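**Student:** prediction below, plus the sequence it came from.
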Amino acid sequence: MINIAFPKGRLGKKVYALFEKAGFSWPGMTDDNRKLVFTHGDMRAFWVKPFDVPVYVERGTADIGVAGKDILLERSPDVYELLDLKAGACSMAVAAPQGFRDNSSDTLRVATEFPNIARKYFASQGRDIDIITLRGSLELAPILGLSDVIVDIVETGTTLRENNLCVIDRFQSLSARLIANKSSYKFKEDVISMIIRRLAVD
Amino acid sequence: MINIAFPKGRLGKKVYALFEKAGFSWPGMTDDNRKLVFTHGDMRAFWVKPFDVPVYVERGTADIGVAGKDILLERSPDVYELLDLKAGACSMAVAAPQGFRDNSSDTLRVATEFPNIARKYFASQGRDIDIITLRGSLELAPILGLSDVIVDIVETGTTLRENNLCVIDRFQSLSARLIANKSSYKFKEDVISMIIRRLAVD
Amino acid sequence: MINIAFPKGRLGKKVYALFEKAGFSWPGMTDDNRKLVFTHGDMRAFWVKPFDVPVYVERGTADIGVAGKDILLERSPDVYELLDLKAGACSMAVAAPQGFRDNSSDTLRVATEFPNIARKYFASQGRDIDIITLRGSLELAPILGLSDVIVDIVETGTTLRENNLCVIDRFQSLSARLIANKSSYKFKEDVISMIIRRLAVD
Amino acid sequence: MINIAFPKGRLGKKVYALFEKAGFSWPGMTDDNRKLVFTHGDMRAFWVKPFDVPVYVERGTADIGVAGKDILLERSPDVYELLDLKAGACSMAVAAPQGFRDNSSDTLRVATEFPNIARKYFASQGRDIDIITLRGSLELAPILGLSDVIVDIVETGTTLRENNLCVIDRFQSLSARLIANKSSYKFKEDVISMIIRRLAVD
Amino acid sequence: MDYHFSPEEFFAFSLRDIYSRQGYSLFRMSRFEEYDFYAGAKDFLTSKHVLTFSNPDGRLMALRPDVTLSIIRNIKDIHQLHKFYYDEKVYRVPHGADAFREIPQTGIECIGPLGLDDIKEVIALALETLCVIAGGRRYVLDAAHAGLVASLVNGDKGGEILKCLCAKNVHGLRTLNADERLIRLAEIPNNLEALSEFDEDTEELMKFFSEEFGQNFRVDFSTVNNLNYYNGLVFRGFVEGLPEAVLSGGQYDGLLEARGLAGCHGVGFAVNLSLVRRLEHD
Amino acid sequence: MDYHFSPEEFFAFSLRDIYSRQGYSLFRMSRFEEYDFYAGAKDFLTSKHVLTFSNPDGRLMALRPDVTLSIIRNIKDIHQLHKFYYDEKVYRVPHGADAFREIPQTGIECIGPLGLDDIKEVIALALETLCVIAGGRRYVLDAAHAGLVASLVNGDKGGEILKCLCAKNVHGLRTLNADERLIRLAEIPNNLEALSEFDEDTEELMKFFSEEFGQNFRVDFSTVNNLNYYNGLVFRGFVEGLPEAVLSGGQYDGLLEARGLAGCHGVGFAVNLSLVRRLEHD
Amino acid sequence: MDYHFSPEEFFAFSLRDIYSRQGYSLFRMSRFEEYDFYAGAKDFLTSKHVLTFSNPDGRLMALRPDVTLSIIRNIKDIHQLHKFYYDEKVYRVPHGADAFREIPQTGIECIGPLGLDDIKEVIALALETLCVIAGGRRYVLDAAHAGLVASLVNGDKGGEILKCLCAKNVHGLRTLNADERLIRLAEIPNNLEALSEFDEDTEELMKFFSEEFGQNFRVDFSTVNNLNYYNGLVFRGFVEGLPEAVLSGGQYDGLLEARGLAGCHGVGFAVNLSLVRRLEHD
Amino acid sequence: MDYHFSPEEFFAFSLRDIYSRQGYSLFRMSRFEEYDFYAGAKDFLTSKHVLTFSNPDGRLMALRPDVTLSIIRNIKDIHQLHKFYYDEKVYRVPHGADAFREIPQTGIECIGPLGLDDIKEVIALALETLCVIAGGRRYVLDAAHAGLVASLVNGDKGGEILKCLCAKNVHGLRTLNADERLIRLAEIPNNLEALSEFDEDTEELMKFFSEEFGQNFRVDFSTVNNLNYYNGLVFRGFVEGLPEAVLSGGQYDGLLEARGLAGCHGVGFAVNLSLVRRLEHD
């Protein structure tokens, strides 16, 4: 039996499609029901919040799982990152209101959903910051003056533009990755490799 | 000008309806668009993630806002809790698989979205625990053996039953609350009181 | 075999006389030679520096010993204090130059050979001090301006007067005490009691 | 006016003789009286305990003073060491009972009057030790089993031999040194240099 | 002369001038206190985190979470009136942050046989302080009477009830079956008739300030957040544009008793100068 | 099998066997306690230094100066008899040293509605423990009654009087005008008639052990060193060749009350195994 | 005899027996080390958090994050072969946790002029250790050669490249333009032809174990996670049912050099016994 | 206005005025640094004790033993000249004490492509600083050239030799077989011909100041106490009546290189204002 953790939401749908395309599917998995665990043959799949996938995999509750690179960078779990699924390509960036100038005398107030990534980035810049951790709608923070800048995921950048924000620095490209528990990999390598081979075909 | 933070999602919709009923509304606010801030007269409203409302209000970016009691207990922000909007009534509870027995010799593994609430609850029970913080789909944790029990919001309990989990202890009742920044309240009391009066009518 | 530690110096001579008077003596012990240990029958005696007596007794190297109360207070060893030998009676006192006034705004500079005793005394007065630990000739410290006051042993006080110092507070009376290692006392009680009885006779 | 601190005791007498030979003397200084401070011309001299000389000089109470190298190494005061007076030549050594073998499995118990010197020495040997700080009569410690070895000043070594102890390592040669307060030296250099010149003549 | 004073320094010195003119003398922390010195009064400290370090002499020390406790420790004669002001850095973890910050704090303490005029003076100084910091902006001093609240808070739910009071959480008070009078106090903002429930002195005081300062002085019972240490007046100062109270204080006879000065009275307040910098941004 | 057991381990396991046979179950410290958990009972701890460190979650923790307090914290039902033994490392600064040491400590605690037989059992185990450690050497268990002493120690000089009692400092007691009966207790070693002053139960107990164990069991009032926590029997065990007590314990209802278990009884002892190594040297 | 051994103790003693039979002697930590002693080798320690405390003598100490460094410190003669094993508690913050835990760790170190047979012996002991812990479950020892990796990791992106290797992140390696041979090593699990790239000794070794232990011994280059300290073989042991490696070790001549023992060789491994408890649950 | 300035504050502000007029801008420590930030440069710090504490986020922090290192950390562009002055509290254990003290420290740093005039300016400011503090008393600035000493100190005894040089311990230098020229430098106070051994720039500088300031400026090689960080001029300022140096500084290109700013030059000094209080007593 092998356990697979899928991330709920848009990215999850895209990724699940890839699995179907590769010949792995679980009846009812895409239906809008309250069911949580789906078993097909000796494969068990389940949806969890994107941020929780690494937890399930690192602790071996899931043998493999799919997580965005952003989440892997934020949580840095001790797992194998076996495959770049390419899905949901985007990037991590610093954004600020049009015409923002950083006078480094004061501490910079940074709103983000990824405190560790933000801290690491600004440390590399030797910039003192105050982190304001939010769960979403980051664009609001600078507009309403809650923060000076934001560190967030950027795809096209349309949302930013619509809110008179502009990207200052795209410093990391992101996409969905297939991760595996290190111990599981040892004892279920055949299955895991097979899944990868099939997913990798394109 | 007064700033109001609404929580995105189901609870938010319910709450916004209450505001409309009370005569406060912002054109386009319920439309499915990318707009973030809605101004009507000298009132400005915006949607933020439920967990972020206390941040906006405590820092004065929003003068008032609506947050679930669960989030207020988890974050314990230094704000005024002016009104119980009754909306989204439910409770915080400990749940575990059917027939679970706690042999207190080992550390209890608790999965939850509310680590502070869970820690406080089990400390009051003098029980050593390991917290596993998740973002959602808590029911999965005990099913897959990631945790022994969960601390989560429970409404009817149907979801739990469907997953062979049962409530062990409902220890806190919850609902949406109207909160205000303490300083804003001093200087915008008239408006804030007016809003409360109108919302309170029923 | 029982081991007895005597304090070198003036006090030691007085104390040894008491032992002789009580019928305990060790040939050659008072001669001016390099010999260190003196055995007579099943009793072994030796001279050590006054400050070292508690170390020898607490660690059981000496079963009993004689130490000044000043040293016992400074070192607070975990031993039995079985007898006040009365010898070397004097007292611990704070002394300062004639006409000294303590303006408590600044930290008080205290010179002493007994830092722990001094610290304890001034703590009880709620007075902030800087301790300057010296080995002797304390009177010099205030005269030359090294310290504001001193905490030292005072007998007649003549030395102080000769140096224009006066006693501010005699806070502890002192004399030589017979101390015993707690464990030794259990297993050599008969001998130790006998010694005490004989010394106590007067 | 220049202040000079002399060390009481045997070494002090030798050193004072050198000063007299060099033409510096203070009437009554060698008499056995209670006088503490002796002024002659614009020079003031006083006797203090050998261990206290560095304190007086470092704090500027004495402009210059004479201290044994052993004490300078133990206290490492921030002063100038201007002259080796050669007087009281001896050395710092580790000594132990005849035939002592160090089985490094257990912690070594070291008795000494110079804990810092001892700690530094054995650290350089990478040897774990327990320090037992004593004020004198070190030879007794190993004889009576209070310690395994001692770190002490050794001249001829006769005392050691008489007590069946032998030197294991002579690691530092010692003698009396003329030290000066760094600040005093700046503003009283002429006098101090003159004293040195005269003392140095031989 | 060009001292490059920071906003914090500028305000600190202006306030030092005001307080010293009023006859207050400067108190300086000469040393650090041991951690246990503060551990005994944890709930008097506003931040639960105390910066601890170890001295080379092996004692566990704390880096100044508060100045008031040290001033109290230095009071010997309780029959004499002591008027101190201070200007120190305190070390705290701001609410919501996860790191210690150095916070410039100024304040005054008036300890001894307090008369009504002394309390009046302290409140007047609190209002003057707010006026200086506000510099044209609106400001308000909320005040309430801890003793009155104490008399109405009862039973083992006292803690929760007080929390609700601080949060103006009336529905919470109802759920906890709090005393009706307490609920009334919480409900009605700037509740002037509540004054009637006060003891005479306080009533007079409050009336005096309400008339004297009008809108700038308000009765607000959400100000009371500690009943162990505060017994008489408690107050909190807000400036428009600053999201949190910039000044807070009150009468703390209870604290004095807990620190071995039973029968002694004390009143004072502290100003958090780390906030003033934000005013520039507006 | 060759486990290379150290002397400490060897004795620890022998004692674990003895205690478990007697129906005691093993208590393990699962976690570290917060520093404030111990700060509340500083004078119950034998060393004034507590090893403190900070958790990544910001809490100030302490590294196990003692096990008894943690066992007490886990007692929920005081109407049931709890019999625990432990085998842990504790962290202390030995008297006269200036660095923390890891000290292997073994001990037992018997908590709940104690009967005379329970106390008897504990003392019997204490003597058996000493016998095992002494291995042929002489050993003795000193015992006294804290309650009796408490009834005789009075006034603000209580602390100093107790210190003198522990030091068998009779002249000190005289100077402090201590109660004559107390002085008599201090003066006469192995004072058997003193038993008459005891309550019946204790008298019976002491008599029982005096007869049972003769020279190995002695009445000695210098054993009483704490009246806040200990109320009934207190005892201390010595082995010839070891310069300090290797075992110490007593009945600590006072401590239980201070920790919120009023009406609960508790007796136990701790064995300092770091000393046994020295016995080899002899 | 009934010692109430915990699973951790039970396994620890079984392993002590195995190692001592193999001629390893027990190493005990007699003291605590200063924090700076570890600060110098932070990236050798698996957890970035070190439990620090202050000694009464004022020194900043650390509570044992690791035993190997202390063993190394005690090596004087590098021309003699030293074979130690240990059984200590180490103090770490488990990945994902926010509090220090006491972790029972057992391990062996073989230091000096190493021969092929010594390394063979150590790996054999590692496999025996895994077998004992697995108790019937499947287990595997992954091994690789750090020196080989070092020769292929180049440039300022070395750190990131190594990270990718440990994560079997081939796409990452490509993006970083890592050496093709390195990518091949990462790509192919249990890559036996990779052996050909090894120096003869290692190749022989690997071949030997591959034949000797078959499926239980595998070549896996994700095992290499540190090039500063490890130079020769590195290995990691997994047991089915335990989510993380229970054993890890390798040859650390680089560490020895960094600690002042240039020219000295060392190989060893550590076993994390805190995991074994989980096996009961299965 | 009545600010009740303490002597420390009074001098600090006078100096701030002087430095800012000279074009130096105020540097403020906005945050605390991690302990490891200082651990890397322990021998640059004058006190071996660093006040450490733990942040709620779990990092081991240090409370400001020094300001210079933080200023350096903020230098990005090494091709531009940076002129900072500071006025902060630093935390140290004074020599001979056993507790941390809060020490008001003022100082300047001039970092970047230094010209002779910049160094001249810094020394002139050092002398002006001393003049202000001395207030009529005599004062002197000792100066020497670290580079020159470095060229003469050789072999593994370098450390001891330097110690002797600092202590003007000529007999010690002889015993250690130090270079004859070094001994000459140590021997002869205010050794002007030594200048001839300097590089031209320095010689010019020294000559310039010797003429300019006469007795107040002296060549003294006991000033050199660190060769890892200081390379050019080093100096130390004394005021009559103060037992230790009140000002110390020098050129620290070596430190800059160690902190990743190779090729960058820096010179500055720090003033220990905790001493000025003593001057009142005279």
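**Tutor:** Nice, I can see it.
**Student:** got any ranges where chain A has weak pLDDT?
**Tutor:** A:104-105, A:202 (pLDDT under 70).
**Student:** quick one, strands of it?
**Tutor:** A:2-7, A:37-40, A:43-48, A:64-68, A:80-84, A:90-97, A:108-112, A:129-133, A:149-154, A:165-174, A:176-180 (DSSP state E).
**Student:** of all those, which one comes closest to chain C?
**Tutor:** For chain C, the closest of these is strand A:129-133, at 37.0 Å, according to CB to the nearest CB. C-beta: built from backbone N, CA, C; applies to glycine.
**Student:** in the closest one, which residues are buried?
**Tutor:** Buried residues in strand A:129-133, counted by 16 or more other CB atoms under 10 Å in any protein chain shown: A:129-133.
**Student:** list just the nearest of these to E:Val271.
**Tutor:** Closest approach to E:Val271 among the buried residues of strand A:129-133 (CB to CB): A:Asp130, at 21.8 Å.
**Student:** verify the stated contact: the closest one with A:Asp106.
**Tutor:** No - contact criterion CB atoms under 8 Å: A:Asp130 and A:Asp106 do not qualify, at 9.8 Å.
**Student:** returning to that earlier point: which of the buried residues of strand A:129-133 are close to chain B?
**Tutor:** A:Ile132 (CB under 8 Å from any CB of the partner chain).
**Student:** correct me if wrong: E:Leu176 contacts E:Leu162.
**Tutor:** No - at 10.2 Å, E:Leu176 does not count as touching E:Leu162 under the criterion of CB under 8 Å.
**Student:** for chain E, which segments count as strands?
**Tutor:** Assigned by DSSP E, chain E shows strands spanning E:25-27, E:33-34, E:52-54, E:60-62, E:82-92, E:101-112, E:139-145, E:217-219, E:233-239, E:247-251, E:265-272.
**Student:** average pLDDT across the fourth one?
**Tutor:** This points to strand E:60-62. Here strand E:60-62 scores 87 as its mean pLDDT.
**Student:** same for it, what does it pack against?
**Tutor:** The contact analysis (3 or more CB pairs under 8 Å, 6 or more residues apart in numbering or on different chains; DSSP states H and E) places strand E:60-62 against strand E:33-34, helix E:35-39, strand E:52-54.
**Student:** which of the residues in the last one are buried?
**Tutor:** With burial defined by 16+ other CB under 10 Å, the residues of strand E:52-54 counted as buried are E:52-54.
**Student:** sort out which one of those lies nearest B:Phe187 for me.
**Tutor:** Distances from B:Phe187 to these, taken as CB to CB, are shortest for E:Thr52 (38.6 Å).
**Student:** quick one: E:Thr68 from E:Asn74, how far?
**Tutor:** The gap separating E:Thr68 from E:Asn74 is 11 Å, by CB to CB, to the nearest Å.
**Student:** between the two, which one's more packed in?
**Tutor:** The neighbour comparison of E:Thr68 against E:Asn74 (other CB atoms under 10 Å in any protein chain shown) goes to E:Thr68, with 25 against 14.
**Student:** so E:Gly268 makes contact with E:Thr106?
**Tutor:** No - E:Gly268 sits out of contact with E:Thr106 when judged by CB under 8 Å, with a separation of 11.2 Å.
**Student:** what is the burial count for the closest residue in space to A:Val191 that isn't next to it in sequence?
**Tutor:** Nearest non-adjacent residue to A:Val191, counting by CB to CB, 6 or more residues apart in numbering or on different chains: A:Ile2, 5.2 Å away. Counted with other CB under 10 Å, the neighbours of A:Ile2 add up to 17.
**Student:** E:Phe208 versus E:Asp201, what's the distance?
**Tutor:** For E:Asp201, the distance to E:Phe208 (CB to CB) stands at 11 Å.
**Student:** how about the residues of chain A by chain E?
**Tutor:** A:106, A:130.
**Student:** show me how chain A divides into domains.
**Tutor:** Using automatic domain parsing, the domain parsing of chain A gives A:2-88+A:175-201, A:90-173.
**Student:** flag every buried residue along stretch A:134-145.
**Tutor:** In stretch A:134-145, counting by 16+ other CB under 10 Å, buried: A:134, A:137-144.
**Student:** would you turn the residues you listed into CSV with distance to H:Asp87?
**Tutor:** Output for the buried residues of stretch A:134-145, formatted as CSV (distance: CB to CB, whole Å):
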residue, distance to H:Asp87
A:Leu134, 37
A:Ser137, 43
A:Leu138, 39
A:Glu139, 41
A:Leu140, 40
A:Ala141, 35
A:Pro142, 34
A:Ile143, 38
A:Leu144, 36
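**Student:** pick out the most distant pair among the residues you listed.
**Tutor:** A:Leu134 and A:Ile143 (12.9 Å).
**Student:** closest one to B:Ser183 among the domains of chain A?
**Tutor:** It's domain A:90-173; of the domains of chain A, that one is closest to B:Ser183 (CB to CB) at 14.8 Å.
**Student:** how long is that closest one from one end to the other?
**Tutor:** Across domain A:90-173, the terminal residues are separated by 6 Å (CA to CA, to the nearest Å).
**Student:** which residues touch the residue nearest to A:Val191?
**Tutor:** Contacts for A:Ile2 (CB atoms under 8 Å, 6 or more residues apart in numbering or on different chains) come out as A:42-44, A:63-64, A:184, A:188, A:191-192.
**Student:** run the last query once more with 7 Å
**Tutor:** A:42-43, A:63, A:188, A:191 (CB atoms under 7 Å, 6 or more residues apart in numbering or on different chains).
**Student:** same deal with A:Val167?
**Tutor:** A:93, A:95, A:154, A:157, A:160.
**Student:** equivalent analysis for E:Arg259, please.
**Tutor:** E:Ile72.
**Student:** where's it relative to chain D, distance?
**Tutor:** According to CB to the nearest CB, to the nearest Å, E:Arg259 stands 36 Å off from chain D.
**Student:** ok, E:Lys76 next?
**Tutor:** Distance from E:Lys76 to chain D, by CB to the nearest CB: 31 Å.
**Student:** name the nearest residue to that residue, ignoring sequence neighbours.
**Tutor:** Using CB to CB, 6+ apart and skipping residues adjacent in sequence, the residue nearest E:Lys76 is C:Gly126, 7.2 Å away.
**Student:** with A:Asn3 instead?
**Tutor:** A:Ala62 (4.6 Å).
**Student:** top of the contacts of A:Ile2 by neighbour count?
**Tutor:** Most surrounded of these: other CB under 10 Å gives A:Asp63, at 25 neighbours.
**Student:** skipping its backbone neighbours, what lies nearest E:Leu114 in space?
**Tutor:** Among residues not flanking E:Leu114 along the chain, E:His265 sits closest, at 4.0 Å (CB to CB, 6+ apart).
**Student:** what's near enough to touch the closest residue to A:Thr30 other than its chain neighbours?
**Tutor:** Spatial nearest neighbour of A:Thr30, excluding adjacent residues (CB to CB, 6+ apart): A:Tyr16 at 6.7 Å. For A:Tyr16, the contact set (CB under 7 Å, 6+ apart) comprises A:6, A:29-30.
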